[in-house]
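> Just the structure for this:
(2 chains)
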Amino acid sequence: MQHSEAAAIFNQDEKRVDWHDETLWFVREKRDKAAFQIPEWEVLRETASQIKNNVLSNINDYLIEFEANALKNGIIVHWAADGAEHNKIVHSIMEKHGVKQMVKSKSMLTEECHLNEYLTEKGIDVIDSDLGERIVQLRKEAPSHIVLPAIHLKKQDVSETFHEFLGTEKGNDDPQYLTEAARLHLRDTFLTRKVALTGVNFAIAETGEIVVCTNEGNADMGVHLADVHIACMGFEKIIPQRKHLGVFLRLLARSATGQPITTFSSHFKKPRDGKEMHIVIVDNGRTTQLGRADFRNSLKCIRCGACMNTCPVYRRSGGHSYHTAVAGPIGSILAPNLDMSKNADLPFASTLCGSCTNVCPVKIDIHDQLYKWRQVLVKAGYTPTVKTIAMQGMAAVLANPTVFELAGKAGRFVIKNAPFMVNNSLNAWSKQREMPAPPEESFREWYKKNGKEFKEKNNE
Amino acid sequence: MSSRASILEKVKQNQPSALSELPNLTFLGLDTFDVLEKYKTVLKSIGGDFVEVSNYDSIIEFVKKNYATEKRIITTIPELMEIATLDWFNADPHSLEDVELTLVKAHFGVAENSALWVTDDILGQRVSTFIPQYLVIIINKKDIVATMHQAYERIGNQEYGFGTFIAGPSKTADIEQSLVLGAHGARGLTVFLMD
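I've put the predicted structure just below:
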């Protein structure tokens, strides 16, 4: 289903859309408050952007350096060309240890690779341990936001889900009570799992360590109680040196939720004595994106979600309308790289207002890339024919002054004398709005009568 | 060709041909403010608590008064053996599931976000600060730096297997953005600020 169709369904419940919109805007406001407390905020963004530009221009060497240092630290390093290979590697580690259960903390990469579905088919029981992810997993849904996976749900929905799966009291929708129920349920999971999988926020070339940020402490609870830690990362998570974490950790949580830092910023450098640590480095289309000069900047993303919280289209259409692992503005410039035909609608799900670009902590030119993707997609023939014909028609009208004048007259005549011709369901412009009253004349006609030079002419 | 070789080859081929320079970080984090006051304010704002003390006896007294001392309390600090055990460093980490309170020291704290830096050599076990119901961390007042830039300067090339910044108690807002303290880790964090 196209973004616009899914958004139309999401928009049927107006009150709920308003609530969704306001909730995300509230998070955006928290981001602003946090950012304004740092006088050098803009310098920080610029610095982060420059570090990431350096990474992209030297990523080959950094990856080799990272791998060498990780190996020295006793970490086992794997490379996966695509999602399928990534999933196979993860499964082979499970098989090697004869383990059928996994506890997982948040990793958008594994969503992108559809790891859960793959492992479930292989008979492996996967439990997501981030509260929001656990909620959507129980409901057999995908996360609708990269930082706030269950932001599309109300507490009543969570209450019903927990009543069904965790046996909480029917109708009790107190967040404190529901969180406590999840705590008890997941504590048992943490204590019994032998393999823990986490994502990676940053991988440091200089030291071969990785950093994972959570508020709940779920990544750490999983890893420190398991025999095997598997960390999965897209190769763009590399940063050159430890000291660069100072820049990114100041920006990440402030941009994401307005917190000064996440509760836990855990640096995993070596496995515990006698235990195993694996890192899976994944390409899955990233090398292709790196080769697209107009779009490679999207690989600077640190997954804070600020562009989603601020986006007027995301806030009013919901994450699921984007039918891809990463929703919102950043998702819409990443997804066409993975599959142009399936994701051709996404760069059009934007007003190009530029708010995403303004809040991006690493200064990705998101709205410019959305605009550029539109051109690539139209040229490659991935946009609907109706739209192409309409655009060609419009181009013809705008290119010829006589036709333009005639079309204007005809339009004004129709709106005035036969409004039913435009105020109907065939005209997408009349959805959720009335067509405006037609002006008596066009600006051109008015100017002919009132413009300075015409007046002078008339006075002659 | 292995995936490793083919990925690296494609990366090399597709990365921008001109090298972008790394920026200079030395001019960041130079704002001056009262680090101790800032530390306290930020800690409170993210759900943590602090107590100013001058010695370990005051900490022992505070713990006796405010925590369930009949339950299991663990520490890595010998001065606190009156109220907590020190015999768990080599135990199976799962056996710590019934711990009510963990007391550890931090290497240093960061004023701008109230984070505390701990590494496995002062944690006893990596899970020790995540698994208890409540957490106490002790820090010398003089060991508080202003921002994350000074924090990483201080960490430098420090060797560790695991290290983490802890800022406040474990929390979540995944249900309708309602903040709940005590998601999976500690439900409460008290920081003792020592003279």
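
> Which elements pack onto the helix or strand hosting residue B:193?
Taking DSSP states H and E as the criterion, the element that holds residue B:193 is strand B:188-194. The elements that strand B:188-194 packs onto, with contact taken as 3 or more Cβ pairs under 8 Å, 6 or more residues apart in numbering or on different chains; DSSP states H and E, are helix B:35-45, strand B:49-53, helix B:56-66, strand B:134-140. All C-beta spots, glycine's among them, are computed from the backbone N, C-alpha and C.

> which parts of the strand or helix carrying residue A:373 are buried?
Assigned by DSSP H and E, residue A:373 belongs to helix A:366-379. By neighbour count with 16 or more other Cβ atoms under 10 Å in any protein chain shown, helix A:366-379 contains the buried residues A:366, A:367, A:369, A:370, A:372, A:373, A:374, A:376, A:377.

> how near is the closest residue in space to the third one that isn't next to it in sequence to residue A:300?
This means residue A:369. Once flanking residues are discounted, residue A:369 sits nearest to residue A:333: 4.4 Å by Cβ to Cβ, 6 or more residues apart in numbering or on different chains. Separation of residue A:333 from residue A:300 (Cβ to Cβ, to the nearest Å): 11 Å.

> Looking only at neighbour counts, state which of these two leads.
residue A:333 (31 against 19; other Cβ atoms under 10 Å in any protein chain shown).

> which residues touch that one?
By Cβ atoms under 8 Å, 6 or more residues apart in numbering or on different chains, the contact set of residue A:333 is A:295, A:298, A:347, A:366, A:369, A:370, A:373.

> which of those residues lies closest to chain B?
Nearest to chain B, judged by Cβ to the nearest Cβ, of those is residue A:295 at 11.4 Å.

> wait, that closest one sits on residue A:368?
No: counting by Cβ atoms under 8 Å, residue A:295 does not reach residue A:368; the two are 10.0 Å apart.

> so residue B:1 sits in a strand?
No: per DSSP: H, G, I helix; E, B strand; the rest coil, residue B:1 lies outside any strand segment and is coil.

> Just give me the neighbour total for it.
Count around residue B:1 with other Cβ under 10 Å applied: 8.

> ok, it to residue B:7 distance?
Residue B:1 is 10 Å from residue B:7, by Cβ to Cβ.

> Provide a list of residues in contact with residue 191.
No chain specified, so I'll use chain A. A:225, B:94, B:97.

> wrong one, chain B
B:43, B:48, B:49, B:50, B:51, B:109, B:114, B:116, B:136, B:137, B:138, B:139.

> Which residue, other than its chain neighbours, is closest to residue A:232?
In space, residue A:232 is closest to residue A:280, 4.7 Å off (Cβ to Cβ, 6+ apart).

> per-residue pLDDT, the one you found?
Model confidence at residue A:280, given as pLDDT, is 98.

> I'd say it and residue A:229 touch.
No: counting by Cβ under 8 Å, residue A:280 does not reach residue A:229; the two are 11.4 Å apart.

> Quick check: the residue nearest to residue A:144 when sequence neighbours are not counted vs chain B, distance?
In space, and not counting its chain neighbours, residue A:144 is closest to residue A:319: 3.0 Å by Cβ to Cβ, 6+ apart. Shown here: residue A:319 relative to chain B, a distance of 14 Å by Cβ to the nearest Cβ, to the nearest Å.

> What is the burial count for residue A:319?
26.

> Look at residue B:26 and tell me its secondary structure.
Applying three-state DSSP: residue B:26 is coil.

> Can you report how many residues lie near it?
Neighbour count of residue B:26, defined by other Cβ under 10 Å: 9.

> Same check on residue A:404?
15.

> contacting residues around the nearest residue to it once chain neighbours are set aside?
Among residues not flanking residue A:404 along the chain, residue A:397 sits closest, at 5.6 Å (Cβ to Cβ, 6+ apart). Residue A:397 makes contacts with A:403, A:404, A:407, as judged by Cβ under 8 Å, 6+ apart.

> with those residues in mind, which one is nearest to chain B?
residue A:404 (43.6 Å).

> centre of the chain versus the helix or strand harbouring the closest one, how much separation?
Using DSSP H and E, residue A:404 maps to helix A:401-417. Centroid separation for helix A:401-417 versus its chain: 42 Å, with Cα atoms, centre = their mean, to the nearest Å.

> In that helix, which of the residues would be classed as buried?
Buried residues in helix A:401-417 (16+ other Cβ under 10 Å): A:407, A:408, A:415.

> just to revisit the earlier point, the residue nearest to residue A:144 against residue A:329, yeah?
No: Residue A:319 lies out of contact with residue A:329 (Cβ under 8 Å); the separation is 11.8 Å.

> Mind listing the shared neighbours of those two?
Counting by Cβ under 8 Å, 6+ apart, the common neighbours of residue A:319 and residue A:329 are residue A:308.

> longest single helix anywhere in chain A?
helix A:14-36 (DSSP state H).

> Just confirm yes or no for that helix near chain B.
Yes: judged by Cβ under 8 Å from any Cβ of the partner chain, helix A:14-36 and chain B are in contact via A:23, A:26, A:27.

> Pull out the buried members of the contacts of residue B:191.
B:43, B:48, B:49, B:50, B:109, B:114, B:116, B:136, B:137, B:138, B:139.

> Point me to the helix or strand that includes the fifth one.
Element membership for residue B:109 (DSSP H and E) is strand B:108-110.

> could you say what helices and strands that strand packs with?
Checking 3+ Cβ pairs under 8 Å, 6+ apart, strand B:108-110 ends up next to strand B:116-119, strand B:144-145, helix B:148-155.

> thinking in terms of the whole chain, how far from its middle is that strand?
9 Å.

> Name the residues that touch it?
A:261, B:39, B:115-117, B:139, B:143-148, B:150-151, B:154, B:165, B:191.

> List phi and psi for residue 81.
Answering for chain A, as no chain was given. Main-chain dihedrals, residue A:81, degrees, to the nearest 10: phi -70, psi -30.

> where does it land on pLDDT?
According to the prediction, residue A:81 has pLDDT 98.

> Could you find the closest non-adjacent residue to it?
residue B:3 (4.3 Å).

> wait, doesn't that neighbour sit right on residue A:79?
Yes: taking contacts as Cβ under 8 Å, residue B:3 lies within contact range of residue A:79: 4.5 Å.

> any residues in contact with both of the two?
residue A:283.

> Of these two, which one has the most company?
residue A:79 (22 against 18).

> Secondary structure class of that one, three-state.
strand.

> can you give me phi and psi for the closest residue in space to it that isn't next to it in sequence?
Nearest residue to residue A:79 in three dimensions, chain neighbours excluded: residue B:4, at 4.0 Å (Cβ to Cβ, 6+ apart). Backbone torsions for residue B:4, taken as degrees, to the nearest 10, come to phi -60, psi -50.

> Mind splitting chain A into its structural domains?
A:1-31+A:304-383, A:38-284, A:397-459 (automatic domain parsing).
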